[in-house]
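1. The sequence and its predicted three-dimensional model are supplied below.
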Amino acid sequence: MIEREFPDISEHHPDVLAYHCAEAALPDRAIDFWIRAARIALSRSAGVEAQSQVEMAMSLLPKIAPGPTRRQIEGRLQVALGEALMMTRGFASPEVKTALSRARELLDETIHPLEALVALGGLFNYHLIRSESPACLTLAEPQLRENLDRPTATVIHYLVGTAHLHLGNFLQSIDHLEKALSLYDEAICRPVSFIAGIHLRSFILIWLGLARLFVGSLKLAAETMSAAVIDARSRSHPFTLVSALLAFARFRSHTGDLEGAIAATEEGMAIAIEQRSPYHVSRAGVLRAVNVVESGRPEEGITLMEHALAAHRATGADFQSSYNLSRLAEAHARAGKMARAIELAMQAVANVERTGERWWEAEAQRIRGEILLLANPKNRREAEACFNRALECARRQHARLWELHAALSLAKLWSSKSKQAQAIALLTPAYRAFDDGYAIEAVETAKLFLGEARSVGGDRSRRRRAAAAPGGNAHSRHRSGRKR
């Protein structure tokens, strides 16, 4: 009745109707309008406003008699509270887990399927941001059952694909994320287009772009990441945009584009500060520190990184923990603090095993090998073992970018040991796998190395042939001269 009489207010200003329903002693209707108002606030990234509206609704809950109806209303409120807390406290805040776990206990998903899906997505994000991807897959994969409606199937394929990405199952990740992208339709999927604090299509593209990068589809990955940022800008949702920008910064960093990484990081940081998002500010701080180190200022980078990681963990987060430790280890190595660098590099490798997140496993091993070698050339054998483990891991994961990195490190080591032919034989196929014409630092470095290695190898072959020919070395010429 109220919605029919005031359709515009119901759609755009449900908080007004919530107030009047509360005054009219209609607590259940008031709560429903407060929940709608909170979702509108969340769509604008207004987390504090949304949390306040949910708390207003919570204050009305005691006025509803105990029973099944109240149980479902409380479940919906816990979902709304969890979504608001994601913005005000961070995705990995313990309060988020408490609210959403309670929601899943209370809700009947046959009555409130959307709220049940939001609770699932929110808990998924909670575990993801804490580097607990095995738990993410455990949550999402059982939902891949037959007869899912299209919006729900889109969300579930997105969740499963994201979990597989962080577990290092890159081909499976791409399969699920491409399926989610193909299912996504702006009109049909409108109920889930903004879910658990994110815009769904933007995040499908973010993770798909990174997965394509890791398997070596460079041009397609670059196009996908650009599309993710464009999509995020179109949503008028700062939290989604800052996430897209920080993912784009990582993409630029992985491809050796320091200038691009800095630009994306700084734009993301500005938005995170404006939105007062502790999680996003800390995450941007980590990436800013990486950029500072890459710019040749390792001491400053160490200070920034340690401050950012402390702030990051204060939100309950530990996102991509092995990556963070490896990059901090590199910073210490560049600053000449080798003992600490070795310790951190080992922690990064151990963290892969602890968390089960294997997307960075090959790089964690390779970076440890590089640091061991830099610390002491006598660590050559241990470093070589690290490079071989990195290479095996990358091949197992079909991660051609990580395979190229590992092959390049190992080829350089072998080259220094006068194993030039073996180095060329190892690196050549890894280099030739990148044939789409998209230039990145690692590909260019491999090209340069191979050119120099073949040139040196050619010179050596010519010298050997010359030496083997009659009169081809000084000793032969000296002897023949004496005979004459």
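-> Received the coordinates, thanks. Residues are numbered from 1 along each chain as shown.

2. and residue 103, how many residues sit next to it?
-> Counted with other Cβ atoms under 10 Å, the neighbours of residue 103 add up to 27. All C-beta spots, glycine's among them, are computed from the backbone N, C-alpha and C.

3. which SS state does it fall under?
-> Following DSSP: H, G, I helix; E, B strand; the rest coil, residue 103 is assigned to helix.

4. ok, residue 388 - contacts?
-> residue 410 (Cβ atoms under 8 Å, 6 or more residues apart in numbering).

5. what about the stretch 101-250 of the chain, any weak spots by pLDDT?
-> Counting by pLDDT under 70, the stretch 101-250 of the chain shows no low-confidence range.

6. Do a quick rundown of the helices in it.
-> For the stretch 101-250 of the chain, the helices defined by DSSP state H, counting those that start in this stretch cover 113-129, 133-140, 150-166, 170-183, 200-214, 218-234, 238-254.

7. for the stretch 351-484 of the chain, same thing?
-> 361-375, 380-396, 400-416, 420-432, 441-468, 474-483.

8. Okay, angle between the second one and helix 361-375 too, please.
-> By that I understand helix 380-396. Orientation check (axes from the mean of the first three to the mean of the last three Cα atoms, to 10 degrees): helix 380-396 against helix 361-375 gives 160 degrees.

9. CA atoms of helix 380-396 as PDB?
-> Once non-C-alpha atoms are left out, helix 380-396 reads as follows in PDB (Å, rounded to 0.1, in the frame of the first residue of the first chain):
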ATOM      1  CA  ARG A 380      74.700 -21.300  -6.100                       C
ATOM      2  CA  ARG A 381      73.600 -24.800  -5.600                       C
ATOM      3  CA  GLU A 382      70.700 -23.900  -3.200                       C
ATOM      4  CA  ALA A 383      69.700 -21.000  -5.600                       C
ATOM      5  CA  GLU A 384      69.700 -23.400  -8.500                       C
ATOM      6  CA  ALA A 385      67.400 -25.700  -6.600                       C
ATOM      7  CA  CYS A 386      65.000 -22.800  -6.000                       C
ATOM      8  CA  PHE A 387      65.000 -21.900  -9.700                       C
ATOM      9  CA  ASN A 388      64.300 -25.500 -10.600                       C
ATOM     10  CA  ARG A 389      61.400 -25.700  -8.100                       C
ATOM     11  CA  ALA A 390      60.000 -22.500  -9.500                       C
ATOM     12  CA  LEU A 391      60.300 -23.800 -13.100                       C
ATOM     13  CA  GLU A 392      58.500 -27.100 -12.200                       C
ATOM     14  CA  CYS A 393      55.700 -25.300 -10.400                       C
ATOM     15  CA  ALA A 394      55.200 -22.800 -13.200                       C
ATOM     16  CA  ARG A 395      55.000 -25.600 -15.800                       C
ATOM     17  CA  ARG A 396      52.600 -27.600 -13.600                       C
END
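
10. so which of the helices of the stretch 351-484 of the chain is the most packed in?
-> helix 361-375 (a mean of 25; mean count of other Cβ atoms under 10 Å).

11. can you give me the mean pLDDT across it?
-> If you average the pLDDT over helix 361-375, you get 98.

12. Ok, stretch 443-455 next?
-> Stretch 443-455 comes out at a mean pLDDT of 93.

13. just stretch 300-312 next, same as before
-> 97.

14. What is the neighbour count of the residue lying closest to residue 183 once chain neighbours are set aside?
-> Among residues not flanking residue 183 along the chain, residue 154 sits closest, at 4.3 Å (Cβ to Cβ, 6 or more residues apart in numbering). Counted with other Cβ under 10 Å, the neighbours of residue 154 add up to 26.

15. Surely residue 154 touches residue 195?
-> No: Residue 154 is not in contact with residue 195 according to Cβ atoms under 8 Å; the separation is 9.8 Å.

16. Got phi/psi on residue 436?
-> Residue 436 adopts backbone torsions of phi -90, psi 0, taken as degrees, to the nearest 10.

17. likewise residue 89?
-> phi -110, psi -20.

18. I'd like the helices of the stretch 101-250 of the chain as JSON lines, with distance to residue 402 appended.
-> Listed next are the helices of the stretch 101-250 of the chain as JSON lines, based on distance: least, Cβ to Cβ, whole Å:
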{"stretch": "helix 113-129", "distance to residue 402": "21"}
{"stretch": "helix 133-140", "distance to residue 402": "17"}
{"stretch": "helix 150-166", "distance to residue 402": "13"}
{"stretch": "helix 170-183", "distance to residue 402": "10"}
{"stretch": "helix 200-214", "distance to residue 402": "7"}
{"stretch": "helix 218-234", "distance to residue 402": "13"}
{"stretch": "helix 238-254", "distance to residue 402": "10"}
